[in-house]
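Asker: Okay, here's the prediction I keep looking at, along with the sequence it came from:
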There are 2 protein chains.
Amino acid sequence: MKLSLAVLALTLSSALSFTIPSNAAHRRTVNSDTSMTTQLQATTGVARNKNFAKLAGGYLFPEIGRRRNAYLEQNPSANIISLGIGDTTQPIPSAILKGLVDGAAALGTQDGYSGYGAEQGKADLREKISEVLYNGLIDPSEVFVSDGAKCDIQRIQNMFGPDVTSAVQDPSYPVYVDTSVMMGQTQQLDEAKGQYDGIVYMECNEANGFYPDVAASPRADVVYICSPNNPTGVAATRAQLEETVKVCKERGSILVFDAAYAPFIRSSDVPKSIFEIEGAKDCAIEVNSFSKYAGFTGVRLGWTVVPEGLKFSDGTPVRQDFNRVMTTSFNGASNIVQAGGLACLSPAGMKEIETLIDYYLENAGILRKTFIDLGYNVYGGTDAPYIFVSLNGKSSWDTFSEILEKAEVVTIPGAGFGPGGEGFLRLSAFAPREGVIEACERLKKAMA
Amino acid sequence: MKLSLAVLALTLSSALSFTIPSNAAHRRTVNSDTSMTTQLQATTGVARNKNFAKLAGGYLFPEIGRRRNAYLEQNPSANIISLGIGDTTQPIPSAILKGLVDGAAALGTQDGYSGYGAEQGKADLREKISEVLYNGLIDPSEVFVSDGAKCDIQRIQNMFGPDVTSAVQDPSYPVYVDTSVMMGQTQQLDEAKGQYDGIVYMECNEANGFYPDVAASPRADVVYICSPNNPTGVAATRAQLEETVKVCKERGSILVFDAAYAPFIRSSDVPKSIFEIEGAKDCAIEVNSFSKYAGFTGVRLGWTVVPEGLKFSDGTPVRQDFNRVMTTSFNGASNIVQAGGLACLSPAGMKEIETLIDYYLENAGILRKTFIDLGYNVYGGTDAPYIFVSLNGKSSWDTFSEILEKAEVVTIPGAGFGPGGEGFLRLSAFAPREGVIEACERLKKAMA
């Protein structure tokens, strides 16, 4: 197979002029280049970014994948069910799919072809997000369409730069901390604590309902709050968010609100956007995504809302600097994908999304019941696609390994989300129903 | 229209549970929020990233768009032809289109659905890039698939961090300089020179054939070279690249080679990849893109090659840190778009690309001939989709305005690419043929 591809490549490169010729003289030299001397020569004089040296281990989710694959290598016949990484599994429903397919097909016609769009996103998509999802609470000019929330968090960090201080919920989605470290906002990792010096960790635990006491935490320039929360699955109440906005305004902090799971909220009077809280436009940015409820994890579409009036201490609008990041170091979300986003926000698309959310929330309910029946304390899963299980003092990485071996189910150890997650396990409801049911049967045996 | 959308939103939000309710109490308060007192309250205590304050003006291409739109507002009946931003205009041909459409359609089936892929790109696409485009000169594990070269340059900068020094060709694609400034690698702009202190500007001019004398320039940690060059359209010769690799290796610099226009090279023995140069794997990273020759400017697909053996001065593999950036702050290129990339690298797709390149190069030839006939010195356009016209001492922004007004043709002033571009105009061959012909007729009259 490899050989035939190589032969094809050689054939093509002689027929076509734009590939690299096959007679590049140094090919063999480079390929056989394993001598110690040459390896030393390959070390450049460029110092490694000192902030990268501070990072502990790899990024969490690839590490989970690595452990899963290691198990599979040792047990090739294993039938693993993944309730680990929050990755959608259900096909994209028809109205949304039609948006994507038509968006692609249009590029084959002169009238439908489009090249670079506005880096901030298509005007009609920004308008639809504002009107349909936010009910006009924000202006389309405050919406920046992107290839996803994770990427936007990095771009937000690029905007803030190295000199801000950041506060995170502990446990939390690891991207907030890792990008803060990479940007140079922190000192070294305190290995005993498992925390980076310079980051404010706001404790979330069973006693405080997994929502931090922001007022009792040291002030930080930037406060990251995710609700419904990843990993705990708990959605912040209106009163909690009102208090957080009040504290951020008093302290002059900027709140980065990650609402990627908001559409899963089913409880009444739980805000789906930080901008439902009075005064939030004076202190908050909201990061959001189509990934989890439209099945777009691999398709890539998200957005960030930066209110027009939000300003840095020197009076510079935050939106102006975020716009500079978006235009200078991003080139817009794929035009095909944005067409899919428009289809999501059509009446038919929204009904399909509702059905998908119902499906995953039913999965979450099955997982909840299983662990409750087993006698565990379980959080989340009613307003979010994650459930967070208290392990009664057991190590979360040990339990992760035990469940992988005994039940062949992949979960995520709470400790992967920060030291505050130790003693908990996150399970994702993103899985086919039959997988969830089978996983629960196995878990009942393994954890009984 | 706006009203009916709002009504639709209200209707939907009462039927569906995942949007924001329309009764958010503070809506009117926020919308009417224009008092001076409240505006002062909206100023946070977060200091603006000091590096953003250093940036002169906005990013170049939106500024061109702004001036074009300002002209259109004053002259609503104007029939503007754009030879400005290098944006593809021809529909995506059938075999490549089929890859995109099928890639989208597959997501509607259980078997074809995919969520998160590897952040580094699909294994089969990385392998095809290695084998078909590089003829095996690089390993698939050295290829990182992305949403485009511009975005990758930012991610490369995130990896390098604030403490490196950077060298750029002058003139050059503005993203190298702007992202260096945003990362904090520079001091202030020297307004008289139009250059940032701390950046090494390597002069490119008619006398040196628009390729810099790297050895005569001060050493920098990171050296950005773009060939075929944007904006000059000149492709570096093998001897020039060999000399640059030699100098970078001697100095321990890392060469970031931007090959986004490489497939346009028609001259023989002009390298299409830096890895055709012996020793380049010891010092170079290559940034690349499907944008310009597959019509993917809006579709978004590119890649970066980081050789396995390339190391920072402490011995850390550069690939390891770039992998950390890609996994932590990126989530992979869209699965639909990657399916399109695979179609590009099929035999049928490659023939279609060849045809597209021929089309744009013929446009470049028409533009070249027009300016040569008018008596101008013209560069580029034979191995690149850009031509670079010497204005015989005239200001490039003045000429840009003059041509916009007299010929209603949008170009790009050379000065937009750095002070070394003053006195030149860049014209893009990315346009429909009839537009190019009509533009040339108008230019003949306007510039005669």
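Answerer: Nice, I can see it.

Asker: What segments of the stretch 201-350 of chain A are strands?
Answerer: Along the stretch 201-350 of chain A, the stretches classed as strands by DSSP state E, counting those that start in this stretch are A:222-226, A:254-258, A:284-289, A:302-305.

Asker: what do you get for the stretch 51-200 of chain A?
Answerer: Ranges of strands within the stretch 51-200 of chain A are A:81-82, A:143-146, A:166-170, A:189-190, A:195-196, A:199-203, based on DSSP E, counting those that start in this stretch.

Asker: Let's have these in a markdown table, adding distance to A:Val270.
Answerer: All C-beta spots, glycine's among them, are computed from the backbone N, C-alpha and C. Putting those into a markdown table (distance: least, C-beta to C-beta, whole Å) gives the following:
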| stretch | distance to A:Val270 |
| --- | --- |
| strand A:81-82 | 28 |
| strand A:143-146 | 22 |
| strand A:166-170 | 17 |
| strand A:189-190 | 35 |
| strand A:195-196 | 29 |
| strand A:199-203 | 20 |
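
Asker: want to throw the strands of the stretch 201-350 of chain A into TSV with mean pLDDT?
Answerer: Converted to TSV, these look like this (pLDDT from 0 to 100):
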stretch	mean pLDDT
strand A:222-226	98
strand A:254-258	98
strand A:284-289	98
strand A:302-305	98
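
Asker: closest to B:Thr186 out of the ones you listed?
Answerer: Of all the strands of the stretch 201-350 of chain A, strand A:222-226 sits nearest to B:Thr186, with 24.0 Å by C-beta to C-beta.

Asker: by contact count, what packs against the closest one?
Answerer: strand A:166-170, helix A:238-251, strand A:254-258 (3 or more C-beta pairs under 8 Å, 6 or more residues apart in numbering or on different chains; DSSP states H and E).

Asker: again, only this time at 10 Å
Answerer: helix A:149-160, strand A:166-170, helix A:174-183, strand A:199-203, helix A:238-251, strand A:254-258, strand A:284-289 (3 or more C-beta pairs under 10 Å, 6 or more residues apart in numbering or on different chains; DSSP states H and E).

Asker: Work out the sheet partners of it and label each with its direction, please.
Answerer: strand A:166-170 (parallel), strand A:254-258 (parallel) (DSSP bridges).

Asker: Mean neighbour count for those - can I get that in a markdown table?
Answerer: Listed next are the strands paired with strand A:222-226 as a markdown table, based on neighbours: other C-beta atoms under 10 Å in any protein chain shown:
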| stretch | mean neighbour count |
| --- | --- |
| strand A:166-170 | 27 |
| strand A:254-258 | 27 |
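
Asker: and the residue most central in space within chain A, how far is that from A:Val305?
Answerer: By C-alpha atoms, centre = their mean, chain A has its centre lying nearest to A:Lys150, at 4.6 Å. To A:Val305, A:Lys150 is 16 Å away according to C-beta to C-beta, to the nearest Å.

Asker: Quick check: which of the helices and strands packed on strand A:222-226 is nearest to A:Ser94?
Answerer: strand A:284-289 (21.7 Å).

Asker: quick revisit: so what's the residue nearest to the centre of chain A up against?
Answerer: By C-beta atoms under 10 Å, 6 or more residues apart in numbering or on different chains, the contact set of A:Lys150 is A:173, A:175, A:179, A:258, A:260, A:287, A:289, A:291, A:300, A:302, B:119, B:327-332.

Asker: Can you go through those and name the buried ones?
Answerer: Listed as buried from the contacts of A:Lys150 are A:173, A:175, A:179, A:258, A:260, A:287, A:289, A:291, A:300, A:302, B:119, B:327-332; burial here means 16 or more other C-beta atoms under 10 Å in any protein chain shown.

Asker: Please work out how many residues are found near A:Arg319.
Answerer: 19 (other C-beta atoms under 10 Å in any protein chain shown).

Asker: whoops, I mixed them up, A:Arg238
Answerer: Residues lying near A:Arg238 (other C-beta under 10 Å) number 12.

Asker: For stretch A:45-54, which residues meet the burial criterion?
Answerer: Across stretch A:45-54, burial judged by 16+ other C-beta under 10 Å covers A:46, A:48-49, A:51-52, A:54.

Asker: Could you take the strands of the stretch 51-200 of chain A and lay them out as TSV, with extra columns for mean pLDDT?
Answerer: Converted to TSV, these look like this (pLDDT from 0 to 100):
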stretch	mean pLDDT
strand A:81-82	96
strand A:143-146	98
strand A:166-170	98
strand A:189-190	94
strand A:195-196	96
strand A:199-203	98
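
Asker: one step back: nearest to A:Ala105, of the strands of the stretch 201-350 of chain A?
Answerer: Nearest of the strands of the stretch 201-350 of chain A to A:Ala105, taken as C-beta to C-beta: strand A:302-305 at 24.0 Å.

Asker: Would you pull up how far that closest one lies from the middle of the chain?
Answerer: Distance, stretch centre to chain centre, for strand A:302-305: 13 Å (C-alpha atoms, centre = their mean, to the nearest Å).

Asker: helices and strands around that strand, which ones?
Answerer: Strand A:302-305 is packed against strand A:143-146, helix A:149-160, strand A:254-258, strand A:284-289, helix A:318-329, with contacts defined by 3+ C-beta pairs under 10 Å, 6+ apart.

Asker: okay, now the domains of chain A?
Answerer: Chain A breaks down by automatic domain parsing into domains covering A:53-91+A:349-447, A:94-346.
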